[in-house]
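Colleague: all I have is the shape, not the residue letters:
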């Protein structure tokens, strides 16, 4: 392996070096600084005689005399089942003081695209125990469902709640209550989160014993920004290995995608690329797609990769390029709402803009319950109408509204207080969720329930207007 | 994709100079613009997109990790072309016409690099039935025979448009592979079932005509209010989460085109899989045969290489044009053209071209209009008539319709189905906003609807549009003062408008019956609402309070017409109208 001491330019996270042999695009590079530190980087552009290198650990301490080694291969992640229970840094090195990792295999972290004909369409309901998700925006195995949040909102708590509670109902019966078996694993990729947030996650993982079925990658806020571009790829490579080679159902939580995109922008700016919207690189869509699309199921393989990326929308603006492009790739989104949060609703999920695109195929008879789709549609429509009327009430007051309108207003209030608000520690199964739904829909006369099949109304509609949830729950 | 086989076509090899993502430059390559080249030791497919002195810039259709300067570049000397011939229907291709099922057999579940496969099966034999005999004189484009391609479609074998034509000296009946000669001409030209055509060039036609037949979509809001013509162009812009993909898939399933070409351009993998899983199970409502037997899918998901995303719309429209040449009506759905435009932007920025608006290349508008202009109702060079209808989805960032892709698209297309996230949030599907959408085809299509459905079709459509317009205005007042403050007739209008929205405009794609609504039923539902409207206003005029008028039992049954099986709908509506009349007349 040849060593070069030919660095010509250092600029931000980039290093340019002259070479006299062909260097492959994306190849891994080691740079040794005069004081003996070794930094890793990746070839961003390779031309005859000159390469540009993006350095993961920051360019501090590199000078023109530093030596550059090209490893002749692209970035790899050592994968093994033993990674479960381990905590790694953003570049994949263990930081939990545990034994060295002996890999079964080293995998290219870029990951190839799954052939669409080899995919299996996701339709297995994942019960998260959160009514606003299970009932209204159902998550299924192999889906990518991001959480759109803002600074200061409890998205991490929600992510943890999902990681803790997520089960697939049928298997629960076979495998017992909380131990859903060795089947389920969590891969957690943290990018640029604060040490405090990281501690919260770690404490929760340890407290609930979730750590032993988790692999944790942490790139903290003070770690080099460029490293953030590899962290999610390491996490997803590990997840794919566990899912498609070892048969685990893997839930990948990536937080915070906003930091990841900032890092992309930083590299783009350093390379003096033509910027796209708001300075983010023009290829950000493709780049994000290469991460998000690594969720899914493959025909003939047992496992699955389900992704819950978290992103904080700058200024709560969902037209910002990061949430916007994300929304075009992912299969829906869960909105965390600032108003609901200040009203003390936990988890403060606003179901109206939230959406799960794969919901329709994951619910219904044999999967959840026959009435699920209709109930959810009806509640959506009713809550949307109630929400609209709130604006009107502010102007004309409740008295000016018809009885019908007042019922819708009451529904919207009760929907938030009883259906959405459940706390981060309550785990509701889908029967509970739907029964609460029926309890609320019982506020309306049967004729108003135009989204629900007549037979289902007959079967589930509460007999008296109030509090008959228990009776209904019996069937 | 066709690999060059003629040795004399291969030009001199070049050497890679630099690699940056999908853009590779090479020196000493003797190439023309848009030639297909094979890059590096692994032979990754690419296309020449810029030539500057000795330096050739290539966009590569595959991942370029580990490709290094110094590796060879081989030129095929041919532009990016598709293989055209029997076997394209019922196939699933990537953006450069590699069949995905073949790729799966070759390299498993993940898409590896450097694997090539021809677009149509070169081994398979097809039963050729000649329609010409020795001594006949044929010209370019002429049909020389047919091949039963699938259960639903007979594939016409044509003289390639770039041939000279002449007198037939030999005709080979029976089973042949696509490369074998089936018809030989006196000038030595040999006609096989396979043709090649460069994707970036429109196939020739004799004449482009004004489209006068609607593409019946089976969707009420589209057929009833904003119709699209066969050979027309439409855009579906929609912010994410507004049900764009479902709307397109419904079109692909139910539109009365002979052939459907569905391009998933930068689509989600799982969604593409749904299409791939779904279509083979679906029945063509007209023939009862599998829908796939008249469909060609092109799937280039968002994580597949960006350059192949740029080319996939061209691959799709070239295939569409080929079936048009046979005299078929082809519907092409491109979901989404924004992803295509972004692919152009991405490559343009890697080329360090001077950016236009929002970083898109300055030639964006030209490329878009070039593409949409390939749609139309054509008289083909073999005197048949065929059409290519293009429905392009647009995904405006942040739902902002003022962005360049939407704006440039709207300048070209004549039908606009504006999807609305607000409606989607309320689960009003299809979430086509009736105030913002338009169709410029209504005038030229009205005669068809009058002849084939009902004479007062245009008048009834206008009535519905008027009621909805009035509702829109009234809603603004209601927002301020509440519904009860309105005069009684306006309250009734709101009620009627509500039925138009709920019983007519809304359509449940997942309901067995409601998913497809023939124009007759579309008309019938509107007629029922209109009967209710007329009767209700009469009752109101007779002094019945509006609350009583709107409270009759029969009215909510309007919402159930859509889900009533088509053959029972007439009776259902007749009963309903009778009940509405009885109940309303009882009130005064």
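Modeller: The structure has been received and is ready for your questions. Bear in mind that the values here come from a model prediction, so they are computed numbers and not experimental data.
Colleague: low-confidence stretches in the stretch 151-300 of chain B?
Modeller: Along the stretch 151-300 of chain B, the parts satisfying pLDDT under 70 run over B:239-241, B:285-286.
Colleague: for the closest residue to chain B within the stretch 251-400 of chain A, grab the count of nearby residues.
Modeller: Proximity of the stretch 251-400 of chain A to chain B (Cβ to the nearest Cβ) peaks at residue A:319, 2.8 Å away. Heads up, the C-betas are built off the backbone N, CA and C, glycines and all. Under the neighbour criterion other Cβ atoms under 10 Å in any protein chain shown, residue A:319 is assigned a count of 16.
Colleague: which SS state does it fall under?
Modeller: Following DSSP: H, G, I helix; E, B strand; the rest coil, we place residue A:319 in the coil state.
Colleague: same check, this time on residue B:63
Modeller: Residue B:63 - assigned by three-state DSSP - is coil.
Colleague: per-residue pLDDT, the closest residue to it other than its chain neighbours?
Modeller: Leaving aside its chain neighbours, residue B:63 sits nearest to residue B:113 (5.6 Å; criterion: Cβ to Cβ, 6 or more residues apart in numbering or on different chains). If you check residue B:113, the pLDDT there is 80.
Colleague: contact partners for residue B:113?
Modeller: A:112, B:42, B:44, B:62, B:63 (Cβ atoms under 8 Å, 6 or more residues apart in numbering or on different chains).
Colleague: 7 Å - rerun?
Modeller: B:42, B:44, B:62, B:63 (Cβ atoms under 7 Å, 6 or more residues apart in numbering or on different chains).
Colleague: now, of these, which are buried?
Modeller: Using 16 or more other Cβ atoms under 10 Å in any protein chain shown as the burial test, those include B:44, B:62, B:63 as buried.
Colleague: what's the closest of these to residue A:151?
Modeller: residue B:63 (35.6 Å; Cβ to Cβ).
Colleague: pLDDT weak spots in the stretch 1-150 of chain A?
Modeller: The model of the stretch 1-150 of chain A has pLDDT under 70 over residues A:1.
Colleague: for chain B, give me its nearest residue in it.
Modeller: Counting by Cβ to the nearest Cβ, the stretch 1-150 of chain A gets nearest chain B through residue A:47, at 3.0 Å.
Colleague: grab the nearest non-local neighbour of that residue.
Modeller: residue B:18 (3.0 Å).
Colleague: what's the local residue count around residue B:305?
Modeller: For residue B:305, using other Cβ under 10 Å, the count is 27.
Colleague: ugh, typo on my part, it should be residue A:414
Modeller: Neighbour tally, residue A:414, other Cβ under 10 Å: 15.
Colleague: how about the secondary structure of it?
Modeller: Secondary structure of residue A:414, per three-state DSSP, is helix.
Colleague: next one: it from residue A:439, what distance?
Modeller: In this view, residue A:414 and residue A:439 are 9 Å apart by Cβ to Cβ, to the nearest Å.
Colleague: check residue B:237 too.
Modeller: 40 Å.
Colleague: of those two, who's got more company?
Modeller: residue B:237 (29 against 21).
Colleague: can you list phi and psi of that one for me?
Modeller: phi -90, psi 140 (degrees, to the nearest 10).
Colleague: show me what it is bridged to.
Modeller: residue B:394 (DSSP bridges).
Colleague: surely it meets residue B:418?
Modeller: Yes: counting by Cβ atoms under 7 Å, residue B:237 touches residue B:418, with 6.4 Å between them.
Colleague: which residues do these two both contact?
Modeller: By Cβ under 7 Å, 6+ apart, no residue touches both residue B:237 and residue B:418.
Colleague: what residues does the stretch 1-150 of chain B have near chain A?
Modeller: Within the stretch 1-150 of chain B, the positions lying close to chain A (Cβ under 7 Å from any Cβ of the partner chain) are B:17-20, B:63-71, B:92, B:100-101, B:103-104, B:109-112.
Colleague: mind checking which of the residues you listed are in strands?
Modeller: B:17, B:18, B:19, B:20, B:92 (DSSP state E).
Colleague: just send the buried ones among the contacts of residue B:113 back as TSV, with pLDDT and distance to residue A:195 too.
Modeller: As requested, the buried ones among the contacts of residue B:113 are exported to TSV (pLDDT from 0 to 100; distance: Cβ to Cβ, whole Å):
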residue	pLDDT	distance to residue A:195
B:44	90	43
B:62	83	41
B:63	83	36
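Colleague: out of those, which comes closest to chain A?
Modeller: residue B:63 (6.9 Å).
Colleague: phi, psi for residue 141 please.
Modeller: Just so you know, I chose chain A. phi -60, psi 130.
Colleague: same question, the one 3 residues further on
Modeller: For residue A:144, the backbone dihedrals (degrees, to the nearest 10) come out as phi -120, psi 110.
Colleague: what sits against it?
Modeller: Counted by Cβ under 7 Å, 6+ apart, residue A:144 has contacts A:292, A:295, A:307, A:330, A:331.
Colleague: which of these are close to chain B?
Modeller: residue A:331.
Colleague: the contacts of residue A:144 in strands, which ones?
Modeller: residue A:307.
Colleague: which of the contacts of residue A:144 has the most neighbours?
Modeller: residue A:295 leads the contacts of residue A:144 on contacts (other Cβ under 10 Å) with 31 neighbours.
Colleague: wait, it touches residue A:307, no?
Modeller: Yes: if you go by Cβ under 7 Å, residue A:295 and residue A:307 touch, sitting 4.2 Å apart.
Colleague: the stretch 1-150 of chain B: helices as residue ranges?
Modeller: B:100-107 (DSSP state H, counting those that start in this stretch).
Colleague: equivalent analysis for the stretch 401-550 of chain B, please.
Modeller: B:404-410, B:421-425, B:442-452, B:457-481, B:488-499, B:519-541, B:546-550.
Colleague: tell me which residues in the fourth one are buried?
Modeller: In terms of neighbour count (16+ other Cβ under 10 Å), helix B:457-481 has its buried residues at B:457, B:458, B:460, B:461, B:463, B:464, B:465, B:467, B:468, B:471, B:474, B:478.
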